[in-house]
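Participant: Structure, please.
(one chain, ligands or ions: 1)
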Amino acid sequence: MRYVIIGNSYAGISTVEAIRNFDKEGEIIIISDEPYLAYGRPLISYWMGGDWETKHMYYRDKAFYDTMNVNLRLNTKVKTIVAKMQRG
Ligand SMILES: Cc1cc2nc3c(=O)[nH]c(=O)nc-3n(C[C@H](O)[C@H](O)[C@H](O)COP(=O)(O)OP(=O)(O)OC[C@H]3O[C@@H](n4cnc5c(N)ncnc54)[C@H](O)[C@@H]3O)c2cc1C
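Facilitator: Alright, predicted model coming up:
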């Protein structure tokens, strides 16, 4: 099975964790138009105010994607989705 997740934020990484609960082998691709690992939006104002370090912004570190065997494609915007029906 191949899973393609558009968006590398909280929903994206939660989806990865849910998939890996029942499928350890399937290919997972995350596509995000942002250049960053998943980070906490609620922390942005603290970060901008200088009260929060960049390294503490992230929900998960790079090792998470490696451990979960995720093909992470940052800086990539999805423009169209072509859904094909499979028969049988
Ligand atoms: C400043 C700020 C403060 C917040 N504070 C709170 C709070 O205190 N409490 C709270 O509960 N919620 C808060 N929120 C809301 C919370 O951050 C969101 O509910 C949460 O981020 C939603 O997560 P998500 O993964 O569904 O979507 P998002 O976080 O919106 O992530 C979607 C991702 O998909 C990417 N994407 C979208 N379209 C494409 C495309 N076509 N191709 C490739 N990538 C794409 C986006 O770049 C983004 O990285 C706050 C939000 C902001 C901006």
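
Participant: how about the residue nearest to Tyr59 when sequence neighbours are not counted, what does it touch?
Facilitator: Spatial nearest neighbour of Tyr59, chain neighbours left out: Ala38 (4.5 Å); criterion: CB to CB, 6 or more residues apart in numbering. Every residue, glycine included, has its C-beta placed from N, CA and C. Ala38 makes contact with Asn8, Ser9, Tyr10, Gly12, Ile13, Tyr58, Tyr59, Arg60 under the criterion CB atoms under 8 Å, 6 or more residues apart in numbering.

Participant: how near is Ala38 to Val78?
Facilitator: 17 Å (CB to CB, to the nearest Å).

Participant: Thr76 contacts Ile30, correct?
Facilitator: No. Assessed by CB atoms under 8 Å, Thr76 is found out of contact with Ile30, at 9.6 Å.

Participant: From the neighbour counts alone, determine which of those two ranks first.
Facilitator: Ile30 (24 against 16; other CB atoms under 10 Å).

Participant: The longest helix along the chain vs the ligand: in contact?
Facilitator: In terms of residue count, the longest helix belonging to the chain (DSSP state H) is helix 10-22. Yes. Interface with the ligand: helix 10-22 contributes Tyr10, Ala11, Gly12 (CB under 6 Å from any ligand atom).

Participant: near the ligand, which residues of the protein show up?
Facilitator: Near the ligand, when you scan the chain using CB under 6 Å from any ligand atom, you find 6-12, 31-34, 41-42, 44, 77-78.

Participant: Give me the subset of these lying in strands.
Facilitator: Ile6, Ile31 (DSSP state E).

Participant: Now which of the residues of the chain next to the ligand would you call buried?
Facilitator: The neighbour count (16 or more other CB atoms under 10 Å) marks Gly7, Asn8, Ser9, Gly12, Ile31, Ser32 as buried among those.

Participant: Quick check: the farthest pair among those residues?
Facilitator: Greatest spatial distance in those: Ser9 and Ile31, 12.1 Å, computed using CB to CB.

Participant: now the buried ones among the residues of the chain next to the ligand as JSON lines including pLDDT?
Facilitator: Shown next, in JSON lines, are these (pLDDT from 0 to 100):
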{"residue": "Gly7", "pLDDT": "97"}
{"residue": "Asn8", "pLDDT": "97"}
{"residue": "Ser9", "pLDDT": "95"}
{"residue": "Gly12", "pLDDT": "97"}
{"residue": "Ile31", "pLDDT": "98"}
{"residue": "Ser32", "pLDDT": "98"}
